[in-house]
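Trainee: Prediction below, plus the sequence it came from.
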Amino acid sequence: LCFIRWGVFQLNQAALEGIHRQLFRKMDLSNPFAALEDVPEEVPFVTKKSKKKRKESNNADETEKNEKQNSENSKRRKIDEHASPAKVGTSAIEAQQDVVPAEAAGEPKKKKKKPHKKKLKKAAAANGSADSYAQVFGAGAQPGIVLNKDARHAELKMKNIQDLILWITTSDVPNPPWVIVKNKSLIKRTVVVAINSLQLDYLEAAQKQSLVPILSSPVFAQNSMLRAPGSRDRMYDGVNALMRRQMSSRQLTMKKQMTQLAANLSSSSVAAVVDQLSNENNNQSEAPDAEKTAQNEDGDDEQQAGPISTNWSVVDTSYQNLQQFVLSRTEMQSNLYPMEDTEGYARVESEAATSPYDVLAIDCEMCTTSVGLELTKITVLDKTLTVIYDTFVKPERPILDYNTRYSGITADMLADVTTTVSDVQEKLLRGGIVGVNTVLVGHSLENDLHSLKIYHSRVADTAILFPHTQQEGHKNSLRYLAQRFLKEEIQQGSHDSEVDARTAMKLFLLKVQHGVHFGVSSMGDKQENILEALSRKHLRTAVVDRSESCRQLAARDSDCFAVVSDDDAVAQTIKLITQPNHQFIFTHLRAIDKHNQHEESMQLLREQVSLTTQPSAVTDLSDKLKSIFSKIDQQIGEIWNSLPRHCALIVVGAHGNMAHVRAVLERRQLAFRDAKFEWSSSDGEGLEQTVDWCRRTQVFFAVKTDADLQKAT
């Protein structure tokens with residue numbers, strides 16, 4: 001403030017010096033005071049008050065001048081009307097022509113505010129009339145998606161496709177620099193079709209053999225190479241990367257406030273919520289509590305523990321209720337679980353085998369032998385956290401490392417043990433403990449089932465039910481989940497199978513008690529489903545997919561349509577398109593992935609992987625794959641033909657040949673378990689090349705225009 005005052009003083013001094021110089025030039029030495037006659041009464045100092053006074057005086061002079069002019073004009077009009085009165089029957093237009101306009105009368109012309117260009121475009125898109133379109137967008141204006149030249153030859157990522165979807169539907173993100181969306185406001189609806197295992201070399205081979213005429217047509221001329229998410233030796237599902245986005249700090253704050261408000265409204269009265277908000281506003285200037293800040297720094301603290309029940313037996317564990325938490329076959333395969341065709345593994349033999357336990361938690365401890373990891377201890381608990389079965393197990397081969405620092409097993413504990421893995425299988429599968437409908441619960445349960453050499457179709461994995469959303473392909477540790485959701489500290493030293501099994505059961509029952517969304521949104525406190533962002537803009541969304549994927553992809557306000565095949569998915573999508581209820585529709589096609597995961601295909605892959613892991617380009621397709629690609633192209637054509645005008649269609653490859661990568665990973669895991677299989681550094685390089693090869697896929701963009709409708713008719 002002092003600096004500003006000093007600056008104003010300097011300006012005033014400069015103004016005074018300028019006036020003094022003018023006076024000195026005009027000064028007549030014979031009459032020195034004659035020059036003062038030209039000096040204005042008020043020195044024009046540079047101040048806000050002087051500017052305001054001059055402006056007010058000028059406005060007053062103009063107002064007085066306009067009033068005099070208006071009075072003279074009104075007198076003149078009265079004289080003219082008296083001299084030449086209007087004829088009887090004169091039209092209103094002719095009478096108005098005699099009226100002097102306001103500008104001629106000296107009245108100040110009022111400027112009309114032009115509506116914003118974006119508002120005009122939105123109004124025209126909502127109105128839909130030809131006149132409104134022509135007025136705003138011009139005659140014959142059509143929407144479109146045009147890729148830049150660099151984008152056509154570069155590799156896009158799922159984040160780029162996600163930004164384009166959000167830019168078209170919500171405008172919450174900046175305009176993607178790699179694409180131009182012409183007349184974006186005209187695009188009313190967006191349909192996204194994700195295709196699993198749409199590997200680039202497979203697609204190129206299909207295009208060379210003219211199996212995909214629609215995807216190769218000018219309609220989908222805007223296309224580019226896409227790189228599926230993954231790491232050096234892993235490939236992840238691209239659908240999850242497409243449907244989840246990182247949230248900004250502002251969006252995180254709004255999400256926490258809305259979630260807290262909803263929780264308060266459900267548990268207290270509106271008046272209490274208003275009082276709470278007013279108290280928070282009054283205390284904004286106070287320093288935050290250190291303990292609360294440390295507790296809430298991860299976000300979504302309302303779901304960190306929840307109302308944990310002490311009586312776990314009251315949780316509904318019926319067959320129908322637990323079905324939505326059981327891993328699907330695809331999830332079991334992608335996480336390397338034992339399958340029904342795994343050689344040497346036992347299973348429940350009779351489909352009618354029953355058990356008094358709806359759900360059981362299992363945890364195993366293992367040691368290292370000459371063939372890898374072998375079972376040394378198993379603990380089984382029921383839903384009341386009661387130990388059903390607990391025993392040490394003698395490995396079949398000599399122990400090389402007891403892994404005491406992790407397992408807690410010592411040589412003294414196994415000195416007199418005679419129980420074998422076969423005895424454990426007999427007790428669990430044929431002793432009435434595990435039935436065909438019993439759900440086995442554990443954390444990364446695939447390792448426990450491999451050590452037990454057991455296959456079971458109904459499993460629930462807490463590492464998958466409470467996903468790690470910060471980095472794809474990674475899993476949260478059981479210790480972290482216990483600390484976050486149960487407020488318990490475990491695994492301080494070595495592991496205890498009973499403690500780990502009890503923790504896994506508590507987490508699973510907590511998930512069942514609060515629903516499938518519990519643990520997903522809280523773990524993803526820095527991420528959100530893009531369908532939630534669309535619902536905040538009051539856009540209605542729909543997901544068409546298998547039942548296990550619907551519960552993962554669909555947001556709370558989304559409409560989910562579970563299907564069992566690609567034909568059902570396409571039929572349901574066309575049905576939704578014909579009804580103008582949803583502004584965003586997501587559909588998932590899995591025919592290629594299903595073919596690759598077929599038993600014969602997997603067996604062929606295993607034989608190839610056993611010889612080499614080096615990738616090779618696909619030059620020809622099998623007869624089965626040819627028919628699959630032809631059918632997918634036909635289904636894309638059916639969806640395109642059902643679209644109304646000004647609707648966008650995005651066909652995206654979710655990932656490449658996931659089955660090939662899975663076969664190589666199984667080969668590596670087999671080498672770690674069995675010494676007769678080798679895994680060299682060249683095999684590791686081959687795995688990285690295979691993953692890089694299989695991550696390449698394709699994405700297509702198209703917008704339905706009037707010209708497309710005319711061609712269809």
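Mentor: Arrived safely. What you see is a predicted model; the values in this text were computed from it and never measured.
Trainee: Go ahead and list the helix or strand containing Arg668.
Mentor: helix 658-673 (DSSP states H and E).
Trainee: Which SSE is immediately downstream of that helix?
Mentor: Following helix 658-673 in sequence order, the next helix or strand is helix 681-694 (DSSP H and E).
Trainee: For the following helix or strand past that following helix, which outside residues touch it?
Mentor: Downstream of helix 681-694, the next assigned helix or strand under DSSP H and E is strand 696-703. The contact list for strand 696-703 (Cβ atoms under 8 Å, 6 or more residues apart in numbering) reads 142-145, 147, 155-156, 161, 164, 179, 187, 198-201, 203, 215, 219-220, 222-228, 238, 640, 646-656. Glycine gets a C-beta too; all of them are placed from N, C-alpha and C.
Trainee: Now do Arg234 against Ala241, distance only.
Mentor: The gap separating Arg234 from Ala241 is 13 Å, by Cβ to Cβ, to the nearest Å.
Trainee: Compare these two (neighbour count), which wins?
Mentor: Between Arg234 and Ala241, counting by other Cβ atoms under 10 Å, Ala241 is the more crowded of the two (20 against 15).
Trainee: other SSEs contacting the helix or strand hosting that one?
Mentor: Counting by DSSP H and E, the element that carries Ala241 is helix 238-243. The contact analysis (3 or more Cβ pairs under 8 Å, 6 or more residues apart in numbering; DSSP states H and E) places helix 238-243 against helix 158-169, strand 189-195, helix 530-536, helix 547-553, strand 647-653.
Trainee: what about burial for the contacts of strand 696-703, which qualify?
Mentor: 142-145, 147, 156, 161, 164, 179, 187, 198-201, 203, 215, 219-220, 222-228, 238, 640, 646-656 (16 or more other Cβ atoms under 10 Å).
Trainee: Quick check: phi and psi on the residue nearest to Val564 when sequence neighbours are not counted?
Mentor: Spatial nearest neighbour of Val564, chain neighbours left out: Arg546 (7.3 Å); criterion: Cβ to Cβ, 6 or more residues apart in numbering. Recorded main-chain torsions at Arg546 are phi -70, psi 160, according to degrees, to the nearest 10.
Trainee: so what's Arg546 up against?
Mentor: By Cβ under 8 Å, 6+ apart, Arg546 lies in contact with 328, 562-564, 588, 590.
Trainee: buried ones in the helix or strand hosting Lys511?
Mentor: Here Lys511, judged by DSSP H and E, is contained in helix 497-514. Neighbour-count burial for helix 497-514, counted by 16+ other Cβ under 10 Å, picks out 497-513.
Trainee: could you give the mean pLDDT of it?
Mentor: Per-region confidence: helix 497-514 scores 90 on mean pLDDT.
Trainee: can you pull out the helices in the stretch 151-300 of the chain?
Mentor: Listed in chain order, the helices found in the stretch 151-300 of the chain under DSSP state H, counting those that start in this stretch are 158-169, 200-208, 238-243, 249-267, 270-282, 290-296.
Trainee: Packing partners of the first one?
Mentor: Put plainly, it is helix 158-169. Packing partners of helix 158-169 (3+ Cβ pairs under 8 Å, 6+ apart): strand 179-182, strand 189-195, helix 238-243, strand 244-246, helix 530-536, strand 647-653.
Trainee: State the distance from Val563 to Ala542.
Mentor: For Val563, the distance to Ala542 - Cβ to Cβ - is 12 Å.
Trainee: Settle it for me: which of the two has more neighbours?
Mentor: More crowded of Val563 and Ala542, by other Cβ under 10 Å: Ala542, with 23 against 19.
Trainee: neighbouring strands for the host helix or strand of the more buried one, and are they parallel or not?
Mentor: If you go by DSSP H and E, Ala542 is part of strand 541-545. Here strand 541-545 is paired, per DSSP bridges, with strand 559-562 (parallel), strand 584-589 (parallel).
Trainee: looking at those strands, which is closest to Cys2?
Mentor: Cys2 lies closest, by Cβ to Cβ, to one member of those: strand 584-589, at 57.9 Å.
Trainee: contacting residues around the following helix or strand past that closest one?
Mentor: Later in the chain than strand 584-589, the nearest helix or strand by DSSP H and E is helix 591-596. Helix 591-596 is contacted by residues 195-198, 202, 566, 601-602, 605, 624-625, 628-629, 631-632, 657-660 when judged by Cβ under 8 Å, 6+ apart.
Trainee: Mind telling me what element Glu396 is part of?
Mentor: Going by DSSP H and E, Glu396 is not part of any helix or strand.
Trainee: neighbours around it, how many?
Mentor: When neighbours are defined as other Cβ under 10 Å, Glu396 has 13 of them.
Trainee: swap in Glu204?
Mentor: So Glu204, with other Cβ under 10 Å, has 14 neighbours.
Trainee: next one: the one 5 residues further on
Mentor: Other residues within reach of Gln209, judged by other Cβ under 10 Å, total 13.
Trainee: Return the backbone torsion pair for it.
Mentor: phi -90, psi 10.
Trainee: Contacts only, for it.
Mentor: 621, 626.
Trainee: Quick check, pLDDT for it.
Mentor: With respect to pLDDT, Gln209 scores 91.
Trainee: One more: the one 3 residues further on?
Mentor: What the model reports for Val212 is a pLDDT of 94.
Trainee: That one contacts Tyr202, correct?
Mentor: No: counting by Cβ atoms under 8 Å, Val212 stays clear of Tyr202, with 10.4 Å between them.
Trainee: can you list residues touching both of those two?
Mentor: Contact criterion Cβ under 8 Å, 6+ apart; residues shared by Val212 and Tyr202: Phe629.
Trainee: So between those two, which is more surrounded?
Mentor: Tyr202 (22 against 19).
Trainee: residues touching the more buried one, list them.
Mentor: Taking Cβ under 8 Å, 6+ apart as the test, what Tyr202 contacts is 592, 618, 621, 625, 629, 657.
Trainee: now that we have the residues you listed, which one has the most neighbours?
Mentor: Counting neighbours by other Cβ under 10 Å, the top entry in the contacts of Tyr202 is Asn657, with 27 neighbours.
Trainee: tell me the contacts of Met158?
Mentor: Per Cβ under 8 Å, 6+ apart, neighbours of Met158: 226, 228-229, 238, 241-242.
Trainee: which one of the residues you listed sits closest to Leu687?
Mentor: Ala228 (16.0 Å).
Trainee: Please look at the closest one and Gly656 and confirm they touch.
Mentor: Yes: at 6.2 Å, Ala228 and Gly656 qualify as touching, with contact defined as Cβ under 8 Å.
Trainee: need the helices for the stretch 351-500 of the chain, in chain order.
Mentor: Taking DSSP H, counting those that start in this stretch as the criterion, the stretch 351-500 of the chain carries its helices at 404-407, 421-430, 445-452, 462-465, 478-481, 497-514.
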